[in-house]
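[1] pasting the structure only:
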């Protein structure tokens, strides 16, 4: 009887025994006390209280949520017209190749896609050179790098493919003749879009939002490389705590991020379009 | 109604043109940063950016002479190969019961398996750091990095293989059984050939994910450095022409593996589909 479960053993060891146990230990650490750089098994909420009571840390969490929210809105907002164009105005023969083309840069190294933006936004980057060539500025301005808008821009760039894929899958399944039918019955194009299209592709939009926002919440490299001191996100906080050996506080900060992720998944679980999500992942 | 038609179609044409223009802008947005990177890698200007003062390949020569870079490349390769072996093995063993045992806990197991994909890599990195180094007292090394990366790559392999196994027509195996093939023969001659493309695709995916992985490795590798870590340590303080050259080759590498994955799975695609 048990024979058919034998195959699960290696996976259970790796994903359960190691990873599951690691998560449990992390949760325990976040609720345990630290004194003299030693973690003691005394239960406390102190680590979480500390994070939320120190102004800089609380503000960093707030800023993280704000940056992720604006980057998500921009990503999905930019991806929607594109996905619409692809499904409506491109002949079926060209749809796949054009979709693959827009997703292709996503297969380039994650780190390099961030690095590429330093060459555009930085001191002797493309924008500064263009401004100088046009005679608008005399010398390089450091206006474009090391701030929150730069972080948001790069986040949009990084996760744009997720948005396009989730929206494309959902728009492709929509029967556009329903829209014409609505308009034949007297609905204006905008009303038809809102009352016929939106309810049907809603799950696709939600999926796009969730799959774009989740990885953004845990970002560490983007804020570090293009955000500088002004664009710090929660992920940097976690890394700093671990660098300085404050494991309990770091664990608490990481679990707060995981809490946001879980909250997003639970809140949207009913409207998530999992078929679209599965398609988007391949 | 007839009178309004030309207006609508003119509006429609304008929207269409506007959307086409927008799509062009999107392609520009998506490709320009990467194209610039490649351009800069051939730029003679030692600042590593604009202006382009001439074309040269000397940054590529400099790159080949960089010992630290070569070491990090071999480290990346070593780690990636171990990750591929580990996650393909775990993936194959788990995919069969997942696709076929029909246990009651299937839903829960699936959620658990996708967890490492859903959770931020940061959390995987720090939780394993706490477990492996503080609780188990292991020294951080390439081996701990392999474990961490495999936790992230294995779910992808499992998902790919399970999907393939579920799409396999069970009648093929029944037919083989009727013809007298035992379980081992059915596995070797029917099932494995059918899922081979998925295994290969899974292995290649695990390889690229591992080669590109940054955050988990950062926390778990200790004193060693993989290629992404090397690049990270060199770009923290701005762009350099040498890193532009590394970046361009890295891009070429990723694209080659991707092409390989697409081509081989196409070639191996067999007509074993349900329905």
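    Happy to help now that I have it. A quick note: this is a predicted structure, and the numbers were derived from the prediction, not measured.

[2] So which residues of chain A form strands?
    If DSSP state E is used as the criterion, the strands of chain A fall at A:32-35, A:38-43.

[3] Check these for me and report the most buried one.
    Of the strands of chain A, the one with the most neighbours on average (mean count of other C-beta atoms under 10 Å in any protein chain shown) is strand A:32-35, at a mean of 15. For the C-beta atoms, the positions are set from N, CA and C on the backbone; glycine is no exception.

[4] quick check, that strand touching chain B?
    No. Using C-beta under 8 Å from any C-beta of the partner chain, strand A:32-35 stays clear of chain B, with a minimum separation of 11.0 Å.

[5] ok, that strand: who's next to it in the sheet?
    Strand pairing for strand A:32-35, determined by DSSP bridges: strand A:38-43 (antiparallel).

[6] Around chain B, pick out the residues from the stretch 151-282 of chain A.
    A:157, A:160, A:214-215, A:217-218, A:220-221, A:224-225, A:235, A:238-239, A:242, A:247, A:250-251, A:254-255, A:257-258, A:261, A:265, A:281-282.

[7] For residue A:152, find the nearest of the strands of chain A.
    strand A:32-35 (34.3 Å; C-beta to C-beta).

[8] ok, for residue B:198, nearest residue in space, not its chain neighbours?
    Of all residues not flanking residue B:198 in the chain, residue B:164 sits nearest, at 3.6 Å (C-beta to C-beta, 6 or more residues apart in numbering or on different chains).

[9] Looking at chain B, what residue ends up closest to chain A?
    Minimum separation of chain B from chain A (C-beta to the nearest C-beta) falls at residue B:120, amounting to 2.3 Å.

[10] right, and that residue touches residue A:218 too?
    Yes. Residue B:120 lies in contact with residue A:218 (C-beta atoms under 8 Å); the separation is 2.3 Å.

[11] so what's in contact with the two at the same time?
    Common neighbours of residue B:120 and residue A:218 (criterion: C-beta atoms under 8 Å, 6 or more residues apart in numbering or on different chains): A:235, A:257, A:261.

[12] List the residues that contact the last one.
    Meaning residue A:261. So residue A:261 contacts A:214, A:217, A:218, B:118, B:119, B:120 (C-beta under 8 Å, 6+ apart).

[13] And for the first one?
    For residue A:235, the residues meeting the contact criterion (C-beta under 8 Å, 6+ apart) are A:64, A:218, A:219, A:220, A:223, A:257, B:120, B:122.

[14] for those, which one is nearest residue B:203?
    Proximity of the contacts of residue A:235 to residue B:203 (C-beta to C-beta) peaks at residue B:120, which lies at 25.2 Å.

[15] Now the closest one, what are its backbone angles?
    Note on residue B:120: backbone dihedrals following degrees, to the nearest 10 are phi -60, psi 140.

[16] Kindly report the same for residue B:55.
    Main-chain torsions, residue B:55, degrees, to the nearest 10: phi -100, psi 140.

[17] how many neighbours does it have?
    9 (other C-beta atoms under 10 Å in any protein chain shown).

[18] Would you mind confirming that it is in contact with residue B:44?
    Yes. The pair residue B:55 and residue B:44 qualifies as a contact (C-beta under 8 Å) at a distance of 6.6 Å.

[19] Excluding chain neighbours, what is closest to residue A:28?
    Among residues not flanking residue A:28 along the chain, residue A:41 sits closest, at 7.8 Å (C-beta to C-beta, 6+ apart).

[20] Could you tell me the per-residue confidence at the one you found?
    Looking at residue A:41, its pLDDT is 78.

[21] surely it meets residue A:31?
    No. Residue A:41 is not in contact with residue A:31 according to C-beta under 8 Å; the separation is 9.5 Å.

[22] dump the residue contacts of the residue most central in space within chain B.
    Note on chain B: the residue nearest the mean C-alpha position is residue B:209, at 3.5 Å, using C-alpha atoms, centre = their mean. Residue B:209 is in contact with B:149, B:152, B:153, B:156, counting by C-beta under 8 Å, 6+ apart.
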